[in-house]
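**Student:** After the sequence you'll find the predicted model.
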Amino acid sequence: MIIDDLKYFLEKIDHYRDKLLFVFIKPFWPRIITPNHLTYLRITVSLVLFVLLFFFGIENKLLIISLFCLGAATDLFDGSVARGLNKATKFGAMLDPIADRILILPIAIYSLYGSHKWLLLLLLLTELIGAVVAIFNKTKKSDVKANIFGKTKMVLWAFVFAVILMAWPNEPSIFFVGLLWISLIFSILSIIINKRLTRHEK
């Protein structure tokens, strides 16, 4: 099946990413900093971004991009640190995708609301459906950790929105807007995989 083949391919890439990061993480990562600390930092950065953009109207490009990249970097490391140091927890697996949404959605609204409202609406809608499915899985005691399609979507978003912020207030190029449309496919696949996991556990 095409979806299963794509899932296997992306999981292999994610596996090699982990192996590469483990070279640094296993011997050098400070044990006092847990994966959940990184997730908490991402949430904090996201809230700071929200306040700066929507309450104070700060448009200092260097500040906004730096904060966004810091938040995205914590997403790159928290899962690998959890796996590399055997510190994965159910709470961390549940909190991670929530932190991702808190980081991305304010930036999406800020950069797309003006001229790409339909794209923004679909991004928000798929995230809402994904959150509902994750909550339903949790009530059924299913595995709520992010699947590979959700991870791939987040990587795409982090890259695209960083580039869009660099070009702001100019309109994002059609190429990067196209990547966001493609990311909707991964959002839908993530929802499908989560629903499949729920059916398998019934």
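**Tutor:** The structure has been received and is ready for your questions.
**Student:** mind listing what Thr166 touches?
**Tutor:** No, residue 166 isn't Thr; it's Met. Residues in contact with Met166, defined by CB atoms under 8 Å, 6 or more residues apart in numbering, are 61, 65. Placement of C-beta: from N, CA and C, glycine included.
**Student:** how about low-confidence regions in this structure?
**Tutor:** 138-146, 194-202 (pLDDT under 70).
**Student:** let's go with 50 and repeat that
**Tutor:** Applying pLDDT under 50 to the chain flags the ranges 198, 200-202.
**Student:** what residue lies at the spatial centre of it?
**Tutor:** Met154 (3.4 Å; CA atoms, centre = their mean).
**Student:** Give me the secondary structure label for the residue lying closest to it once chain neighbours are set aside.
**Tutor:** Leaving aside its chain neighbours, Met154 sits nearest to Asp100 (5.2 Å; criterion: CB to CB, 6 or more residues apart in numbering). Per DSSP: H, G, I helix; E, B strand; the rest coil, the secondary structure class of Asp100 is helix.
**Student:** ok, now the one 3 residues further on?
**Tutor:** Recorded secondary structure, Leu103: helix (three-state DSSP).
**Student:** Verify the contact between the residue nearest to the centre of the chain and Arg101 for me.
**Tutor:** No - shown here, Met154 and Arg101 do not form a contact pair, counting by CB atoms under 8 Å, at 9.3 Å.
**Student:** Pretty sure Ala158 sits against Leu70.
**Tutor:** No - the pair Ala158 / Leu70 is not scored as a contact, 11.3 Å apart, by CB under 8 Å.
**Student:** Mind checking which of these two has more residues around it?
**Tutor:** Of the pair Ala158 and Leu70, Ala158 is the one with more neighbours under other CB atoms under 10 Å, namely 21 against 16.
**Student:** quick one: contacts for the more buried one?
**Tutor:** Here Ala158 is in contact with 72, 75, 104 (CB under 8 Å, 6+ apart).
**Student:** gap between the first one and Trp157?
**Tutor:** Computed with CB to CB, to the nearest Å, the distance linking Ala72 and Trp157 is 9 Å.
**Student:** Mind listing what's buried along the strand or helix carrying Met166?
**Tutor:** Assessed by DSSP states H and E, Met166 sits inside helix 148-167. For helix 148-167, a neighbour-count test (16 or more other CB atoms under 10 Å) marks 148-158, 160-161, 163-165 as buried.
**Student:** Quick one: the helices in this protein, in order.
**Tutor:** 2-28, 35-54, 61-84, 90-112, 117-139, 148-167, 174-201 (DSSP state H).
**Student:** Quick one: list the elements packing against the fourth one.
**Tutor:** For helix 90-112, the packing partners by 3 or more CB pairs under 8 Å, 6 or more residues apart in numbering; DSSP states H and E come out as helix 35-54, helix 61-84, helix 117-139, helix 148-167.
**Student:** Quick one: closest of those to Lys90.
**Tutor:** helix 117-139 (9.5 Å; CB to CB).
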